[in-house]
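>>> Just a sequence and a predicted model for now, questions to come.
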Amino acid sequence: MPVGLPPRGGPLGRSRSRLSASSLTTFLRCQRQWLMGYQGGLQGPTRPSQLLGVLLEDAVCHLLMMHPPNVSSLESLETWAEQQIGPLVDDVLETGRSQWEDVLWKSDDDAWESVTSDTVRARLQGALSLFLHEVQDCYRQGGGPHLEARRRGDNPFSVREPSLSSTPQFPLPDKIPDVQMRRWQVEQRPTWQTAGCPIEWNEAWECARPWFKDPRVHQPQRLYHPEGWASGELDMVLRWDGRIRLVDIKSGSPSSVFAASLEHQLRFYAWLWHETHDGQTASGMEGWYLESAERVTFDAPSSDDIEGLSRLYMDVHRSMQAMAPDANVFPVSPTEACEGTAAGCGWCAVSSENDEVWHTPPQFSWLQSLAKLTPSAPYGPLGDLMGRVAVKGRLTGLWGPFPNHFGELVHGAMLVVGQQHIAVEESEPGAFPTLHDWAEQEISLQEALPGVWRDQARLYVDERSSIEPFSESSTDDVGHTRLGLLRTRGNVRGYVLSIQRRDGVRLDGKPWTMLSFMLWDGTHVAEVVAFGGSIQQRLLDVRPGDALGLIGAELGWRSGVLQLRIDSRKTRLEFA
């Protein structure tokens, strides 16, 4: 299967604690770039290419989902396919323009105007020429080993390739109440010859069609490592000839500064395929560059290579987890910053000497013009917000796995001390699998993360947390914090360094909206988030460089990193 379900119930989407192809390649290019961007959440302004790449990929998928008529030649098939590109170009431009208008921080307000219909059309034609090469090979090989099965109406794969006449396959169909009631079938259907007849060109198109991410499916279509610490989302899987070839779609050309990461990315996918498909190895790996209509191929890792890759990726994953701080120091000294020469480097190259002499890439030179902030009541430094704590009490009231506020299935319990009690919950699914082993025991819980949810204090546990037996006769060398003194809110003030709004749909198809921005108090930077009704219009008007104060922001944690949350009922905002 090209898609799977995560172990331990979730999360189905991206997770900062999982190794992915993009986080791996970023880490290999520049470790501090990964720390600031992936773990910390500090991003740069959105560029048109970031929107265009996703829209082009969806357009390519829509093209390949179509069923061509019976034609007599490859030239006729190509003519038909090119006629379908025009409406797709219009859709890309219209959707892209709408999305660009909603971007809060743009590289240039007018940058989308550089995306023309000729640009989009040329790249879709590049994708078509790459796929028609597969169609031609398929035709020459008589349709491959699955032609007669397809003519009989049989599907040779457990997860079929998306097409306009097929029902989309959701990883979690039970989450969508009306999935069986929806009308997915369309009038356009494939045309097949009778058994034993020579193959026709339209049949070669149908047979050569790869599996790809179905644009009709809003749920993530990923592969998950059986142990849960890695995941990846393939663009395409070519399998018409009995082999498995993994393809990643790139909108640009092999001359891109990011092109060097392609082989690392594909090797990660090949390794993940092996780990999730009973040891099956990929036969090949390809990058399809749409701008130049070029196919770049690599040898896939052999069975003998997999063990070494497993060790490498596990070591990278452990290094990532070890680097994750409670709060990110910013700016760092010149010796800690990167050189800024790797593809994608930006914030990671910012440094300062004695808070006076700055070293910044040109796009962030505006940082030097911001006035130095001096904390004053009621505000305090981000670095003083309570991080990990140690508490003691009796663990009881076990529950779970139940969905947390991110919809992930986690285990929890209640920690009771006298008349006081507090919920203890895994920060992510499987983050602390032995929690229930300590039921009805007096314990010392160390390296726990204090937070709040729906006005109730809560403790989160993850891989860094630990539990030990505790009795009143024990020597308290740890320095336990009383439950009533746990800090779950903070008053902070700083400058906004980056901001973005994201919209999407949940697993059940219901929409969600999240606003996130990075707040910098001159010494540390932390992510601030607001969901749904807590997103005020004045927040949407904030831009990098603006000063903002938060009073009563909720303390939260995401993959062990501080995350402040705005509650419209409890958090007061002060705009400079």
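Yep, it's here. Residues are numbered from 1 along each chain as shown.

>>> Can you name every helix or strand that the lengthiest helix in the chain contacts?
With DSSP state H setting the assignment, residue counts place helix 74-102 as the longest helix in the chain. For helix 74-102, the packing partners by 3 or more CB pairs under 8 Å, 6 or more residues apart in numbering; DSSP states H and E come out as helix 48-64, helix 117-140, helix 201-208. For the C-beta atoms, the positions are set from N, CA and C on the backbone; glycine is no exception.

>>> which residues touch the helix or strand following the second one?
Next along the chain after helix 117-140, taking DSSP states H and E as the criterion, comes helix 147-151. For helix 147-151, contacts defined as CB atoms under 8 Å, 6 or more residues apart in numbering pick out 143, 155, 156, 192, 193, 194, 195, 199, 203, 206, 207.

>>> Looking at those, which is nearest residue 561?
residue 155 (43.6 Å; CB to CB).

>>> ranges for the strands of the stretch 301-450 of the chain?
Taking DSSP state E, counting those that start in this stretch as the criterion, the stretch 301-450 of the chain carries its strands at 328-329, 351-353, 357-359, 389-403, 409-417, 420-426, 441-453.

>>> Residue 397 is in contact with residue 422, isn't it?
No. When contacts are counted by CB atoms under 8 Å, residue 397 is not listed as touching residue 422 (10.7 Å).

>>> Which one of the two is surrounded by more residues?
Each of residue 397 and residue 422 has its neighbours counted (other CB atoms under 10 Å); residue 422 has more, 20 against 15.

>>> and the gap between that one and residue 459?
Counting by CB to CB, to the nearest Å, the separation of residue 422 from residue 459 is 6 Å.

>>> any common contacting residues for these two?
Joint contacts of residue 422 and residue 459 (CB under 8 Å, 6+ apart) are 391, 415, 486.

>>> tell me the least confident of those?
Here the lowest pLDDT out of the shared contacts of residue 422 and residue 459 sits on residue 486, with 87.

>>> Can you give me every residue that contacts the residue nearest to that residue when sequence neighbours are not counted?
Nearest non-adjacent residue to residue 486, counting by CB to CB, 6 or more residues apart in numbering: residue 450, 4.7 Å away. Counting by CB under 8 Å, 6+ apart, residue 450 makes contact with 386, 389, 457, 458, 459, 460, 486, 487, 488, 555.

>>> Secondary structure element holding residue 525?
Assignment of secondary structure by DSSP H and E places residue 525 within strand 524-531.

>>> Direction included, what does that strand pair against?
strand 328-329 (antiparallel), strand 511-520 (antiparallel), strand 561-565 (parallel) (DSSP bridges).

>>> Let's see that strand as CSV, backbone CA atoms only.
This file holds the C-alpha atoms of strand 524-531, laid out as CSV (Å, rounded to 0.1, in the frame of the first residue of the first chain):
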residue,chain,number,x,y,z
HIS,A,524,14.3,34.2,23.3
VAL,A,525,11.8,33.4,20.6
ALA,A,526,8.6,31.3,21.1
GLU,A,527,5.7,30.2,19.0
VAL,A,528,2.3,31.7,19.7
VAL,A,529,-0.9,30.1,18.2
ALA,A,530,-4.6,31.0,18.0
PHE,A,531,-7.3,28.7,16.7
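
>>> Shouldn't residue 167 be within a helix?
No. Judged by DSSP: H, G, I helix; E, B strand; the rest coil, residue 167 forms no part of a helix; its state is coil.

>>> For it, report the pLDDT, please.
Reported pLDDT for residue 167: 85.

>>> what's the neighbour count on it?
16.

>>> separation between it and residue 141?
With distances taken as CB to CB, residue 167 is found 29 Å from residue 141.

>>> now do residue 151
Relative to residue 141, and taking CB to CB, residue 151 is found at 16 Å.

>>> cool, residue 114 as well?
42 Å.

>>> Could you check which of the two has the larger neighbour count?
Taking other CB under 10 Å, residue 114 and residue 141 do not tie; residue 141 has more neighbours (17 against 11).

>>> Outline the domain layout of this protein.
Following the assignment in automatic domain parsing, the chain carries domains at 1-43+215-329, 44-209, 331-369, 386-485, 489-575.

>>> What strand or helix carries residue 190?
Per DSSP H and E, there is no helix or strand for residue 190.

>>> Surely it is in contact with residue 207?
No. The pair residue 190 and residue 207 does not pass the contact test of CB under 8 Å, sitting 9.9 Å apart.

>>> Once you drop chain neighbours, what's closest to residue 24?
Nearest one to residue 24, counting by CB to CB, 6+ apart, is residue 268 at 5.5 Å.

>>> about what we covered before: any common contacting residues for residue 397 and residue 422?
residue 414.

>>> Could I get the average pLDDT for the longest strand along the chain?
For the chain, the strand with the greatest residue count under DSSP state E is strand 489-505. Average pLDDT, strand 489-505: 92.

>>> quick one: buried residues of that strand?
Of the residues in strand 489-505, those with enough neighbours to count as buried (16 or more other CB atoms under 10 Å) are 489-501.

>>> still on that earlier bit, name the member of the shared contacts of residue 422 and residue 459 with the most neighbours.
Compared across the shared contacts of residue 422 and residue 459, residue 391 has the highest neighbour count, 23 neighbours, by other CB under 10 Å.

>>> which stretches of the stretch 201-350 of the chain aren't confidently modelled?
Counting by pLDDT under 70, the stretch 201-350 of the chain contains low-confidence ranges at 324-327.

>>> Give the buried subset of the contacts of residue 450 as a PyMOL selection command.
The buried residues among the contacts of residue 450 can be selected in PyMOL (16+ other CB under 10 Å) with this line:
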select buried, resi 386+389+457+458+459+460+486+487+488+555
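
>>> Out of the contacts of residue 450, which is nearest to residue 310?
Nearest member of the contacts of residue 450 to residue 310, counting by CB to CB, is residue 460, at 29.1 Å.

>>> my guess is the closest one meets residue 555, correct?
No. Under the criterion of CB under 8 Å, residue 460 makes no contact with residue 555, lying 10.0 Å away.
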